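> can't give you the sequence, but here's the structure:
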């Protein structure tokens, strides 16, 4: 279960570095980036719908949740198996084929996912 915590939307405990990532500043750009695609990492495959839902699988557990775009941040709640992740607003960055979520409005842990 610890690995599941580490993989879901900005829960990696690694420092956030620019590395040629560009900030996604509005909902429309974010939706364009992820709509109809899977966000993947080792053991994780998630879909983020334009209507505000999140679904997928992570390390054998079903993932569900909801998101909004608030004040320039991706704000989400998630449930993975029996674990509930409370609302967290995250800075979003992107570069070719990747999206990065940085928890706590850009001051927390990061999660890098491939866009497929």
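It's in. On a predicted model such as this, the values are computed, not experimentally measured, just so you know.
> what's the spacing between the residue of the chain positioned farthest from its centre and residue 59?
Going by Cα atoms, centre = their mean, the residue of the chain most distant from its centre is residue 82, 18.9 Å out. Residue 82 sits 13 Å away from residue 59, going by Cβ to Cβ, to the nearest Å. In this view, the C-beta of every residue, glycine as well, is placed from N, C-alpha and C.
> Then residue 35?
25 Å.
> Walking through the chain, point out its helices one by one.
For the chain, the helices defined by DSSP state H occupy 2-7, 27-34, 103-106.
> give me the number of residues near residue 111?
Look at residue 111: counted by other Cβ atoms under 10 Å, it has 22 neighbours.
> who does it bridge with?
residue 101 (DSSP bridges).
> pLDDT at it, what is it?
Residue 111 carries a pLDDT score of 94 in this model.
> for residue 98, same thing?
98.
> quick one: contacts for it?
Contact analysis of residue 98 by Cβ atoms under 8 Å, 6 or more residues apart in numbering lists 21, 112-115.
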